[in-house]
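*Asks:* take this sequence and fold it.
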Amino acid sequence: MVSMPFEQLLTLGIVQGIAEFLPISSSAHLILVGLLFPWGDQGLLFDIALHLGTLMAVTIYFRNDVLALLDGARHWLFGRGHTREAQMLWMMVIVTTPAVITGFFLKDFVEFGARSLVLLGCTQLFYGLLLGYADTRKERVGVEGVGLTWKRALFLGLFQALSVVPGTSRSGSVFTAARFLGYSRQYAGRVSSLAAIPITFLVVAYGLVKIAADPGTHLTGSWQDFVIGITVSFFTALMALHVLMKFVVRVGAWPFVVYRVILGVVLLAIGLNLV
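*Replies:* Alright, predicted model coming up:
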C-alpha cells in the first residue's frame, strides 16, 4: 500500500530524473520541492531509490561505454593496463576522485548547512552564466581524437568536485569543463553523463551504509513507494538523457542558462525577503 501521496512520488521522481542529467542541479530542485510543498522530508531511503532509478537509466543508455569500462577493469586485473578500455577506466577514476574527496570532507556542510535559498540562488546564477560562457567557446578541431588525458580528466574532476554544493549541478559542471577544454557539445554531454555512474553508485552505497547504521531513522515509506519512485525517475531520466544528447547538441546550453538565471533571481529574491 502506498504510504506517500502519489503526487509527491510523481513529483520527486520526475524532478530527480530530469535534473540529474540536465545542467540545472537535481539537488537544488529536490530541496525546492521540500520547501515549496507541505509533504515533509521523504527520507534517505527514498532518495536512494530515486538515485537508483537514474543510475539504471544512464547505465542502460550508455551500455556500450559501461561494457567498455568493465572490460577495462578486467584488463587492469590481468595486467593489461595499456589497452584503450583500461585507459578509459583510469580516466573515469581521475574524473571521479576529486568529487569523492570533496564530498567526504564537506558532507556535513552539504547535508545541514548548504540548503539556504540565498546559496541556491547564487550557485544557480553563477554556474548558469559560466555554463553559458563555456558553451560559446569554439570547439578545438581534433581534440576528441586525442580523448581524455590525465590532465584533462583532472580538470573535469575538479569542476565536478564543485557540484557537492547544492545548486551547482554535477552534470552542468562537467559539461562546462568539457566545453572549456574544446570538446564538442555531444562529447561534453556524453562525458558528463558517464561521470554520473560512479558518483551515483557511491551516493547509493553511502546512503545504504547510513541506513544500516541507523535503520530506525531512515526506513520510511512502503515498498510500493520505492517501486514508483524508481520507475518514474528511471523513465524520466531516459528522456532527459535523450534531450541532453539531441536537443543540447543542436541548440546549445543557453535555454538552460536562461532558466537557471531566472530561477537564481527568484530564489535570491525569496531568500532575501524581497518579494
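*Asks:* first to last residue in stretch 8-28, what's the distance?
*Replies:* This stretch, stretch 8-28, spans 17 Å end to end (CA to CA, to the nearest Å).
*Asks:* oh, that last question was meant for stretch 19-39, not what I typed.
*Replies:* Stretch 19-39 stretches 20 Å from its first residue to its last (CA to CA).
*Asks:* distance check, residue 121 against residue 54.
*Replies:* Remark: distance between residue 121 and residue 54 (CB to CB, to the nearest Å) = 25 Å. C-beta coordinates here come from the backbone N, C-alpha and C atoms, glycine included.
*Asks:* who has more neighbours out of those two?
*Replies:* It is residue 54, of residue 121 and residue 54, that has more neighbours when counted by other CB atoms under 10 Å, with 30 against 22.
*Asks:* and that one, how far is that from residue 8?
*Replies:* Here the criterion is CB to CB. By it, residue 54 lies 18 Å from residue 8.
*Asks:* which residue, neighbours along the chain excluded, lies closest to residue 80?
*Replies:* Spatial nearest neighbour of residue 80, chain neighbours left out: residue 86 (6.2 Å); criterion: CB to CB, 6 or more residues apart in numbering.
*Asks:* got the contact list for the host helix or strand of the one you found?
*Replies:* Using DSSP states H and E, residue 86 falls within helix 84-108. Outside helix 84-108, the residues within contact range by CB atoms under 8 Å, 6 or more residues apart in numbering are 65, 68-69, 71-73, 75-76, 80-81, 110, 147-148, 150, 153-154, 156-158, 160-165, 170, 174, 191, 194-195, 198-199, 202.
*Asks:* likewise stretch 61-75?
*Replies:* Against stretch 61-75 from outside (CB under 8 Å, 6+ apart): 59, 81, 83-90, 92, 190, 193-194, 197, 238, 241.
*Asks:* how about that stretch as CSV, C-alpha atoms only?
*Replies:* Provided in CSV are the C-alpha atoms of stretch 61-75 (Å, rounded to 0.1, in the frame of the first residue of the first chain):
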residue,chain,number,x,y,z
TYR,A,61,21.6,4.5,-22.2
PHE,A,62,25.4,4.2,-22.3
ARG,A,63,25.6,0.5,-22.1
ASN,A,64,28.3,0.2,-24.7
ASP,A,65,30.6,2.6,-22.7
VAL,A,66,29.7,0.8,-19.5
LEU,A,67,30.7,-2.6,-21.0
ALA,A,68,34.0,-1.0,-22.2
LEU,A,69,34.7,0.2,-18.6
LEU,A,70,34.0,-3.3,-17.3
ASP,A,71,36.4,-4.6,-19.9
GLY,A,72,38.9,-2.0,-18.7
ALA,A,73,38.6,-3.3,-15.1
ARG,A,74,39.2,-6.8,-16.3
HIS,A,75,42.3,-5.7,-18.3
